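1. need the 3D shape of this:
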Amino acid sequence: MVEKAKNKVAKDFNLVKKSSNQISEKKQDIKYDTRDYVVEYLVQKFKEDEFYIPLSYQRNFIWTEHDKCFFIESVLMGLPIPFMFFSDTSDGRIEIVDGAQRTQTLVEFIQNGLELSGLEILTDSNGFTFKELDPAIQRRFLNTNIRVVYLEQGTTEAIRQEIFRRINSGGVHIKPAEVRRGAFLGKFKDFLEECAENELFKKLAPRSEKTENRYEGFELAARFFAYSNAYPSFSKYKGNVAKFIDKYVESQNKAVESNPSIIQSCRNDFETMLKYAHKVLGDRGFRKTATAKSVPRARFEALSIGIYAALKENPQLPIVDVSSWIDGDEFYEVTSSDAANNKTKLIGRINFVKQKLLQGDS
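-> Residues are numbered from 1 along each chain as shown. As a prediction, the model looks like this:
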């Protein structure tokens, strides 16, 4: 036993040494510094093919017009831009390891190929091309610093490809609810967090630890209020759920400042909906099955807002038997995930539940 223990210690020491050597070796393969390039210089070098995109492993140019305008708006506002990654190469040119879409967008904008649209903060600049901006703004834009992590000569192509892969797939994409909680601070946002902790809500719309860590309860509550407020016309809804809810939460934060009673009114609507839902749906709540650990968003929207709409039309709405349709093909069809955010489908599934409840369908 003593001999085995000694061998185990020796083996562990060798493994640690082997691990240490490998880390040191691979770390030596990556040498870099940071540099600042002004936009004008970066664009010029790209046009001269001195800064180039290695199409062998870069993604196709997939940014939408909205993505491009959102980025340009950030630059115009002077917001910090995430680091780009460039690398020296054997022929002396600079390879754009990560930052291709930002670079191409800058080129397109400066060459007047991009007309600003959909700007949410610099709204007075919608419809402008670069050359139509005030000359002083143009100069400031061209002199904006873009920070770059510059990989020094000797960084192999394999390492550059690995860096690109890790930058573009290694992280967990942030959820709209996470953005919303941080970006739209205010009393209504605080109220949504209160709703997410409502005990009856957690019982009827359970969330796993993983989804709740990404604020799924906050997201469901925000959808309930934004959609119930927009029902039945959804006149400002264009199919972009995150953008629609962001605007709603932002406007409610402002409205509550001058009219605090909005929160109590919303709280009453939320709690009334939950109590009725518990009576007709039982402990199963908004789940697809009694044992499900989570709730599909489309199903939650249909039931919660359908109940809300029915109660608005008939505050004395009787408790009805939903067993004939809650698990039926028709309800499944209207709450299926296919094109779930389409306006027609959204209104359709809400109206389905509303009419079933008002008709007392059994």
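
2. in what helix or strand does Glu108 lie?
-> Following DSSP states H and E, one finds Glu108 within helix 100-110.

3. and that helix, average pLDDT?
-> Across helix 100-110, pLDDT averages out at 93.

4. and stretch 309-322, by the same measure?
-> Stretch 309-322 carries an average pLDDT of 95.

5. please parse this structure into its domains.
-> Domain segmentation of the chain under automatic domain parsing yields 1-25, 31-169, 176-359.

6. where among the ones you listed is average confidence lowest?
-> Sorting the domains of the chain by mean pLDDT places domain 1-25 lowest, at a mean of 65.

7. hang on, Ser294 packs against Lys210?
-> No. Contact criterion CB atoms under 8 Å: Ser294 and Lys210 do not qualify, at 9.5 Å. Quick note: C-beta positions are derived from backbone N, CA and C, even for glycine.

8. more crowded one of the two?
-> Ser294 (17 against 9; other CB atoms under 10 Å).

9. the more buried one in helix, strand or coil?
-> Under DSSP: H, G, I helix; E, B strand; the rest coil, Ser294 falls in the coil class.

10. so who does it touch?
-> 206-208, 211, 216, 287 (CB atoms under 8 Å, 6 or more residues apart in numbering).

11. check Arg147 too.
-> Residues near Arg147 by CB under 8 Å, 6+ apart: 34-36, 81, 83-84.

12. among those residues, which ones are buried?
-> Met84 (16 or more other CB atoms under 10 Å).

13. of the contacts of Arg147, just say which sits nearest to Phe71.
-> When the contacts of Arg147 are compared for distance to Phe71 (CB to CB), Ile81 wins out at 8.1 Å.

14. excluding sequence neighbours, find me the nearest residue to that closest one.
-> With CB to CB, 6 or more residues apart in numbering as the criterion, Ile81 has its nearest non-adjacent residue at 6.1 Å, and that residue is Ile146.

15. the one you found and Arg35 touch, don't they?
-> No. Contact criterion CB under 8 Å: Ile146 and Arg35 do not qualify, at 9.3 Å.

16. can you check my assumption that the residue nearest to Ile81 lies in a strand?
-> Yes. Using three-state DSSP, the assignment for Ile146 is a strand.

17. tell me where the stretch 201-350 of the chain has helices.
-> Using DSSP state H, counting those that start in this stretch, the helices of the stretch 201-350 of the chain run over residues 209-213, 216-230, 241-258, 261-281, 297-313, 329-334, 343-359.

18. excluding chain neighbours, what is closest to Gln252?
-> Phe188 (3.9 Å).

19. which residues touch the residue nearest to Ile81?
-> The neighbourhood of Ile146, defined by CB under 8 Å, 6+ apart, consists of 36-39, 42, 81, 84, 102.
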